[in-house]
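Engineer: Fold the following for me, if possible:
(one chain, ligands or ions: 4)
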Amino acid sequence: QAKKAGRNGFSFFEPTMSEGAAERLRLEHDLRLALQRDEFILYYQPQVDLTTGELIGVEALCRWRHPQLGLLSPTLFIPMAEQLGLIDTLGLKVLELGCRQIVDWDAAGLHVPRLAVNLSVRELERSQLPGRIAAILERTGMDPARLELEVTESKLMRHAEMAIHALNAMRALGVTLAIDDFGTGYSSLSYLKRLPLNRLKIDRSFVKGLTQDVNDDAIARAIIALARALGLEVLAEGIEAREQADFLFREGCIEGQGYLYDRPLTPEELVVNWLEPSE
Ligand code: C2E
Ligand code: MG
Ligand code: MG
Ligand code: MG
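Structural biologist: Ligands and ions are numbered 1, 2, ... in the order given. Next comes the predicted model:
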C-alpha cells in the first residue's frame with residue numbers, strides 16, 4: 001500500500017499498481033456499504049477575494065473515511081461511484097451535508113457567504129435532479145442564492161445539449177452555476193454562450209505556471225477576457241504563490257482559492273481559521 005503525503009496536511013490511501021485490481025474490487029464493494037454507513041465527509045476549501053483576502057465562500061470537497069484504509073481521495077472514488085451508478089445518491093448526500101453545515105453555521109452566527117458543490121455530469125442526466133435539489137434546499141432551509149453548483153468543463157461539453165436543459169432547470173431554483181477546470185475541456189464558444197452560467201473557474205494547471213510560463217500567462221489572460229466578454233464571473237483555482245495571485249488580480253480576476261490561502265479544511269478548522277474573531 002502506498003500513501004501519498006500531500007500538502008493537504010493529510011495522506012490519502014492509494015492502491016499501488018500491483019494490488020490495483022483486487023483493491024479496486026474491494027473498494028467497489030465497500031462503496032455501496034459506505035453510503036449506508038455514512039462514511040462520507042466534507043472538507044471545505046476557502047474561496048477568497050484576492051483584493052482583501054476576505055472569505056467569499058467555500059468549496060465542499062468530499063472524502064471517504066474508510067474504516068480500514070483511512071481517508072480516500074475523491075479522484076479515486078468519484079469515478080468509481082459514477083461507474084457503479086452510485087453517484088446520484090452520493091451527490092445528493094454531499095449536497096445535503098453541505099447545505100446543513102452552512103445553515104448550522106448561520107445559526108451559530110458564523111457567516112459563510114457561498115457554498116460551492118461539485119456535480120458530476122452523470123447526475124445532470126437525471127430528470128429528477130432539479131426536484132431533488134429543491135427538496136434538499138427546502139429541508140435544510142438553505143438559501144438557493146448562496147449555493148453554487150460546479151460541473152467540470154470537459155464532461156459538460158461532451159453532453160452539452162442535455163446540459164443546457166438540465167442547467168436551466170437548476171437556475172430556475174435560484175442557484176448559481178460554475179464551470180470547473182475551465183481551459184482543459186475544449187469548450188465550444190457557441191455552447192458557452194448558450195449555457196446558463198455564472199462563473200468560470202480557471203483550472204489550476206494554468207495557474208501553476210503564472211509569471212513563470214508565458215503560455216500560462218496568455219491562457220489565463222484569455223480566459224479572464226472571455227469571461228468578461230460573456231458577462232461571467234471568474235475564479236482561479238490552485239493559487240499557491242503570491243505572484244500568481246498578484247498576476248490574476250492585475251488581469252482582472254478577483255476571486256481565487258488555493259493553498260496560498262488555505263487547503264481544504266474540516267468544519268472545525270474552517271471555523272478556527274476563518275470564522276472566529278481572531279482577538
Ligand atoms: P475540483 O473540484 O477541481 O477541486 C479542486 C481540487 O484541487 C481539490 O482536490 C483541492 O484539494 C485541490 N486544490 C485546492 N487548492 C489547491 C492548490 O493550491 N494546489 C493544488 N495542487 N491542489 C489544490 P480534491 O479535494 O482531491 O478533489 C479532486 C476532485 O474531485 C475535485 O476537483 C472534483 O472534481 C472531485 N470532487 C470532490 N468532491 C466531489 C463531490 O462531492 N462530487 C463530485 N462529483 N466530485 C467531487
Ligand atoms: Mg470543483
Ligand atoms: Mg477544479
Ligand atoms: Mg479538478
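Engineer: neighbours of S127, just the number please.
Structural biologist: Applying other C-beta atoms under 10 Å, we find 10 residues neighbouring S127. For the C-beta atoms, the positions are set from N, CA and C on the backbone; glycine is no exception.
Engineer: what about it, which helix or strand?
Structural biologist: S127 belongs to no helix or strand when elements are defined using DSSP states H and E.
Engineer: Count the residues that sit near Q83.
Structural biologist: As a burial measure, Q83 scores 12 neighbours (other C-beta under 10 Å).
Engineer: who's in contact with it?
Structural biologist: With contact set as C-beta atoms under 8 Å, 6 or more residues apart in numbering, Q83 has no partners.
Engineer: which other helices and strands contact the longest strand along the chain?
Structural biologist: Across the chain, the longest stretch assigned as strand under DSSP state E is strand 55-66. Packing partners of strand 55-66 (3 or more C-beta pairs under 8 Å, 6 or more residues apart in numbering; DSSP states H and E): helix 20-36, strand 40-49, strand 70-72, helix 74-83, helix 87-107, strand 115-118.
Engineer: Report the buried residues of the fourth one.
Structural biologist: The neighbour-count check on helix 74-83 (16 or more other C-beta atoms under 10 Å) flags 74, 76-78, 80-82 as buried.
Engineer: ok, now stretch 131-141?
Structural biologist: For stretch 131-141, a neighbour-count test (16+ other C-beta under 10 Å) marks 132-134, 136-137, 140 as buried.
Engineer: Closest one to L92 out of these, please.
Structural biologist: Nearest to L92 out of those is R132 (C-beta to C-beta; 5.8 Å).
Engineer: what about M142, which SS state?
Structural biologist: Counting by DSSP: H, G, I helix; E, B strand; the rest coil, the backbone at M142 sits in coil.
Engineer: That one: neighbouring residues, count only.
Structural biologist: Using other C-beta under 10 Å: M142 sits among 23 other residues.
Engineer: And it, its phi and psi?
Structural biologist: phi -70, psi 140 (degrees, to the nearest 10).
Engineer: my guess is it contacts I136, does it?
Structural biologist: Yes. Shown here, M142 and I136 form a contact pair, counting by C-beta atoms under 8 Å, at 7.4 Å.
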